[in-house]
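1. Based on what follows, work out the 3D shape:
(one chain, ligands or ions: 1)
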Amino acid sequence: MTNAQTYQPTVDGAIGRDSMTLSQHVLQQLQSFGPDAQDLSALMNRIAFAGKLVARRLTRAGLVEDALGFTGRTNVQGESVKKMDVYANDVFVSVFQQSGLVCRLVSEEMEDIYYMPENCPIGRYTLLYDPIDGSSNVDINLNVGSIFAVRRQIGDDLDQTGSDLLTHGRDQIAAGYILYGPSTVLVYSIGKGVHAFTLDPSLGEFILASENIQIPQHGSNYSVNEGNFWQWDDPYRDYIRYMHRHEGYSGRYSGALVGDFHRILMQGGVFLYPGTIKNPQGKLRLLYESAPLAFLAEQAGGKATTGEQAVLDFVPNELHKRTPLIIGSQEDVQLVESFIQERKIERPPVPSSVA
Ligand code: P6P
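-> Numbering: from 1, shown residues only. Below you'll find the predicted structure:
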């Protein structure tokens, strides 16, 4: 019989890492086991569970009837809805029903707020999410992602307009994304750094992979859809011309925000989606795309701007508000800003050979 007082567990690197699950990490971050901490930990665990269900469907999408292709419907954004969009959206709905955690859902795929009366008013949280971001990649087996933000409900929302959600992004209490790529990675922050977990299919658990991720101050990647070049305002065109004329930059664009942002988070650089003639206010949505990623970017020492103000300071007037987005390394975002603000900064002279 081992005396509990003398037993020393052999928690070496491998066991220590494998046993650091997402829910445990949240409690460790909060340094609390109180009710709020338990709720947030359980909420993050439900998000992870939704991610596992979506990942499982994606890995078999090519084999499962009715998983790929379009539904024939358009969403609130006027975009064609993919079957995977609907599946993923419904996964998040079902995972949070009867959870006692979340009273309201705001989704790219649902025009109105989705209320869960069985969870209200106990569950004082609202989940805002894009269930499958970059769904155009699904049918060609390229990376897609889910993006999420968590906010506390302020007041009782008796008129069911969700007006308490129309505040700046610094009111988010948690944000993150799930990247469905060669491996499934969940990245999150509750305001205490940015941390990445990798899904171990043999365990069915997200296992801690990287803690306190920091975006490099500068990186060589610039990520933008240059097909929109002639739809941009002049400062963005001047910026891209500058990129073309200077060595040391690489264009990287997958058409899926989560994968493009993850590259920037890990390697540095800048992602931008400026306003265009088609979408003058930008294409990306604030509450469940730009603001969650901006939360992560700032937590990781990076920067995120609309071109006029910090994304996290932008106060929307509607739930599905769009915004331009410039996000990534401090120096690379500032370089884009310099073109927008026409501030004359000391830029290296354009080499005569490429002028
Ligand atoms: P475009 C996907 O539809 C998405 O919302 C983001 O994931 C992505 O960054 C962007 O739109 C791609 O838009 O106009 O370049 O195809």
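
2. burial of the residue in the stretch 251-355 of the chain positioned nearest to the ligand, as a residue count?
-> Here the stretch 251-355 of the chain gets closest to the ligand at one residue, residue 257, 3.5 Å apart by CB to the nearest ligand atom. The C-beta positions use only the backbone N, C-alpha and C, and glycine is treated the same way. For residue 257, the neighbour count with other CB atoms under 10 Å is 25.

3. Likewise for the one 3 residues further on?
-> The burial count assigned to residue 260 is 26, neighbours taken as other CB under 10 Å.

4. element containing residue 248?
-> Counting by DSSP states H and E, there is no helix or strand that carries residue 248.

5. Quick check: the gap between it and the ligand.
-> 24 Å (CB to the nearest ligand atom, to the nearest Å).

6. Name the residues of the stretch 51-200 of the chain found near the ligand, please.
-> 133-134, 136 (CB under 6 Å from any ligand atom).

7. ok, these vs residue 215, which is closest?
-> residue 133 (19.5 Å; CB to CB).

8. where does the residue of the stretch 1-150 of the chain found nearest the ligand land on pLDDT?
-> Closest contact between the stretch 1-150 of the chain and the ligand, by CB to the nearest ligand atom, is at residue 134 (3.9 Å). pLDDT recorded at residue 134 is 93.

9. Wait, it touches residue 261, no?
-> No. Proximity of residue 134 to residue 261 does not meet the contact threshold set by CB atoms under 8 Å, at 10.6 Å.

10. quick one on the thing from earlier: who touches the residue of the stretch 251-355 of the chain closest to the ligand in this structure?
-> Residues in contact with residue 257 (CB atoms under 8 Å, 6 or more residues apart in numbering) are 133-134, 145, 147, 271, 273, 284, 289, 293.

11. Reformat the residues of the stretch 51-200 of the chain next to the ligand as JSON lines; add distance to residue 157.
-> Shown next, in JSON lines, are those (distance: CB to CB, whole Å):
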{"residue": "133", "distance to residue 157": "26"}
{"residue": "134", "distance to residue 157": "31"}
{"residue": "136", "distance to residue 157": "34"}
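
12. buried subset of those?
-> Buried members of those, counted by 16 or more other CB atoms under 10 Å: 133-134.

13. picking that back up, name the nearest residue to the residue of the stretch 1-150 of the chain closest to the ligand, ignoring sequence neighbours.
-> Nearest residue to residue 134, sequence neighbours excluded (CB to CB, 6 or more residues apart in numbering): residue 256, at 2.4 Å.

14. Quick one: residues contacting the one you found.
-> Per CB under 8 Å, 6+ apart, neighbours of residue 256: 133-134, 136-137, 142-145.

15. Could you check the pLDDT of the residue of the stretch 251-355 of the chain closest to the ligand?
-> Note on residue 257: pLDDT of 98.

16. picking that back up, so among the contacts of residue 257, where is pLDDT lowest?
-> Among the contacts of residue 257, residue 134 carries the weakest pLDDT, at 93.

17. so where is the stretch 251-355 of the chain shaky, pLDDT-wise?
-> 343-355 (pLDDT under 70).

18. Around residue 294, how many other residues sit close by?
-> Residue neighbour count, defined by other CB under 10 Å, stands at 29 for residue 294.

19. show me the contacts for it.
-> Counting by CB under 8 Å, 6+ apart, residue 294 has contacts 169, 304, 310-312, 325, 327.

20. which residue does the stretch 101-250 of the chain bring closest to the ligand?
-> For the stretch 101-250 of the chain, CB to the nearest ligand atom, closest residue to the ligand: residue 225, 3.4 Å.

21. right, and residue 74 touches residue 80 too?
-> Yes. Taking CB under 8 Å as the definition, residue 74 is a contact partner of residue 80 at 5.8 Å.

22. if you count what's nearby, which of those two comes out ahead?
-> With neighbours defined as other CB under 10 Å, residue 74 and residue 80 compare such that residue 80 has more, 14 against 11.

23. ok now do that one, which residues does it touch?
-> By CB under 8 Å, 6+ apart, residue 80 lies in contact with 70-71, 73-74.

24. what would those residues look like in JSON lines with distance to residue 246 and pLDDT?
-> Output for the contacts of residue 80, formatted as JSON lines (distance: CB to CB, whole Å; pLDDT from 0 to 100):
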{"residue": "70", "distance to residue 246": "41", "pLDDT": "75"}
{"residue": "71", "distance to residue 246": "44", "pLDDT": "77"}
{"residue": "73", "distance to residue 246": "44", "pLDDT": "81"}
{"residue": "74", "distance to residue 246": "41", "pLDDT": "77"}
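
25. just to revisit the earlier point, may I ask which two of the contacts of residue 257 are separated the most?
-> Greatest spatial distance among the contacts of residue 257 (CB to CB): 145 and 273, at 15.0 Å.

26. show me the contacts for residue 107.
-> Neighbours of residue 107 in contact, by CB under 8 Å, 6+ apart: 89, 92, 114, 128-131, 288.

27. That'll do, ta.
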